[in-house]
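Chemist: Based on what follows, work out the 3D shape:
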Amino acid sequence: MIKGTKMVHITKDLILSKISSYDIFRFYMPNKDWQVDVVTLSPFRDEKHPSFIIGPKGEGGTLIFIDFADTSLKGDAFAFVQKLHNIHTYRDVLLKIDKDFDLGFSTGTTTKNYEKIIRSYNKPNIVKKDYSFIQVKTRKFTTEELSYWNNYYQDVEDLKNNNVFSISEVYLNKKRIVIPDNELRFGYLYDGNWKIYRPFSDRKWKWMPNNVPITAMDGLKDIKDCHTAFITKSKKDYMVMKKIFPTVCAVQNEGAGCFSEENIQYILDNSEKQILSFDSDEVGVKNSISITNKYGFEYCNVPRKYLSEGINDWADLAKVHGLKIIEEYLINKSILK
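Modeler: Model prediction:
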């Protein structure tokens with residue numbers, strides 16, 4: 001133990017003179033499998049779809065976090081610790097990090113345990129990448145793939161019209177991503193960018209890789225001088241609802257960050273009424289209320305009675321109970337005539 005170190009006024013820069021922002025995120029992130037610049041599950045809620053990312057700000061810069069499902073949750077490593085542990089004052093955040101890493105600034109005494117902590121793993125080479133380059137090799141849809149989409153009332157023409165592709169190989173920044181041959185994988189193409197959908201992969205890799213802008217939308221062009229714009233949260237929901245409702249569009253997920261001000265204004269200018277439709281679980285309902293309050297939308301989620309069957313979105317409701325039950329529900333809600 002090293003004693004006799006003079007106690008000093010603790011600051012952010014002082015802490016960063018001993019450990020990095022990566023060390024802080026690494027220490028406090030509950031999910032130890034997270035990677036820099038890769039979307040992962042948020043530590044702030046129980047969720048099915050990854051909506052949280054830690055990445056560099058500026059060239060080789062300090063890491064920051066963003067939660068796309070709740071864009072009030074963002075900031076540097078110190079803000080992350082404060083929000084994760086519900087710490088009221090910034091000074092208490094500094095004191096916690098100082099104590100947990102045993103830096104010794106506030107006590108004047110340290111075992112230098114922090115050196116052992118940060119030597120226990122390899123730090124990534126953190127370089128700001130403006131763009132992830134994704135290449136794919138497409139192929140004809142297999143019988144198994146067509147059977148999967150048939151569950152959602154989609155045939156080959158539907159898949160073609162919605163830029164859904166069967167893919168055999170995926171490359172990220174010219175390096176091939178290994179995907180088991182027996183694993184279903186599809187590519188969603190948005191203006192030259194790819195979002196890889198692996199429906200039966202674990203949650204971490206279900207949407208990896210992905211370089212589609214978070215504000216990209218499906219079906220926006222269909223919202224043109226219409227009465228009602230029906231807004232869903234995924235391409236699959238969008239494709240299902242298009243079978244029933246003529247003016248549907250979809251964002252990338254349930255986060256407020258998916259809505260650009262430009263797209264919001266376009267929808268408002270081209271529809272008399274706007275109905276937001278996210279999942280019917282707790283997160284989906286919470287986000288629906290938050291976004292509808294912000295923009296003056298209405299919202300209509302899948303009836304909560306289906307949660308007991310593991311159904312909380314339109315695609316799964318159609319798969320299990322058919323399109324007719326959705327149509328009848330929307331008619332009863334006076335959304336569809």
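Chemist: Helix or strand next in line after the helix or strand hosting residue 169, which one?
Modeler: Counting by DSSP states H and E, the secondary-structure element that holds residue 169 is strand 164-172. Sequence order places strand 175-177 as the next helix or strand after strand 164-172, per DSSP H and E.
Chemist: For that following strand, list every residue counted as buried.
Modeler: Of the residues in strand 175-177, none is buried under the neighbour-count criterion (16 or more other C-beta atoms under 10 Å). The way it works is simple: take the backbone N, C-alpha and C, and place the C-beta from them, glycine included.
Chemist: one step back: going by neighbour count, which residues of the strand holding residue 169 are buried?
Modeler: When neighbours are counted by 16+ other C-beta under 10 Å, the buried residues of strand 164-172 are found to be 164, 165, 166, 167, 170, 172.
Chemist: Now do the strands in the protein.
Modeler: Using DSSP state E, the strands of the chain run over residues 52-56, 63-67, 74-76, 134-139, 164-172, 175-177, 186-190, 193-197, 226-232, 248-250, 271-276, 298-299.
Chemist: what would the buried residues of strand 164-172 look like in CSV with pLDDT?
Modeler: Output for the buried residues of strand 164-172, formatted as CSV (pLDDT from 0 to 100):
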residue, pLDDT
164, 98
165, 98
166, 97
167, 96
170, 93
172, 86
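Chemist: Could you identify the most distant pair in these?
Modeler: Largest separation among the buried residues of strand 164-172 by C-beta to C-beta: 164 and 172, giving 19.7 Å.
Chemist: can you pull the contacts of the closest residue to residue 258 other than its chain neighbours?
Modeler: Computed as C-beta to C-beta, 6 or more residues apart in numbering, the closest residue to residue 258 that is not its neighbour in sequence is residue 251, at 3.9 Å. For residue 251, the contact set (C-beta atoms under 8 Å, 6 or more residues apart in numbering) comprises 215, 217, 231, 232, 233, 258, 259.
Chemist: and residue 251, how far is that from residue 276?
Modeler: Between residue 251 and residue 276 the distance is 9 Å, computed by C-beta to C-beta, to the nearest Å.
Chemist: overlap in contacts of the two?
Modeler: Once C-beta under 8 Å, 6+ apart is applied, the residues that residue 251 and residue 276 both contact turn out to be residue 231.
Chemist: check contacts around residue 189.
Modeler: Remark: with contacts taken as C-beta under 8 Å, 6+ apart, residue 189 is in contact with 163, 164, 165.
Chemist: Apply 7 Å and report the result again.
Modeler: For residue 189, the contact set (C-beta atoms under 7 Å, 6 or more residues apart in numbering) comprises 163, 165.
Chemist: Kindly report the same for residue 245.
Modeler: Residues counted as contacts of residue 245 (C-beta under 7 Å, 6+ apart) are 230, 336.
Chemist: Need the pLDDT of it.
Modeler: Reading off the per-residue confidence, residue 245 sits at a pLDDT of 94.
Chemist: do the same with residue 7
Modeler: 56.
Chemist: top of the contacts of residue 251 by neighbour count?
Modeler: Counting neighbours by other C-beta atoms under 10 Å, residue 231 leads the contacts of residue 251 with 31 neighbours.
Chemist: doesn't residue 278 make contact with residue 287?
Modeler: Yes: here residue 287 lies in contact with residue 278, judged by C-beta atoms under 7 Å, at a distance of 5.7 Å.
Chemist: neighbour count winner among the two?
Modeler: Of the pair residue 287 and residue 278, residue 278 is the one with more neighbours under other C-beta under 10 Å, namely 29 against 23.
Chemist: What's the separation between the nearest residue to that one once chain neighbours are set aside and residue 210?
Modeler: Taking C-beta to C-beta, 6+ apart as the measure, residue 278 lies nearest to residue 284, with 4.0 Å between them; neighbours along the chain are not counted. When C-beta to C-beta is applied, the distance between residue 284 and residue 210 equals 20 Å.
Chemist: Tell me which residues touch residue 185, please.
Modeler: 167, 179, 196, 198.
Chemist: 6 Å instead, please
Modeler: Residues in contact with residue 185 (C-beta atoms under 6 Å, 6 or more residues apart in numbering) are 167, 179, 198.
Chemist: what's the answer for residue 76, then?
Modeler: By C-beta under 6 Å, 6+ apart, the contact list for residue 76 reads 62, 64.
Chemist: Does it have any beta-bridge partners, and if so which?
Modeler: On the basis of DSSP bridges, residue 76 takes part in beta bridges with residue 64.
Chemist: Kindly state the pLDDT recorded for it?
Modeler: With respect to pLDDT, residue 76 has a value of 92.
Chemist: What distance do you get for the residue sitting nearest the centre point of the chain to residue 40?
Modeler: With distances taken as C-alpha atoms, centre = their mean, residue 51 lies nearest the centre of the chain, 2.4 Å away. Noted for residue 51: a distance of 9 Å to residue 40, by C-beta to C-beta.
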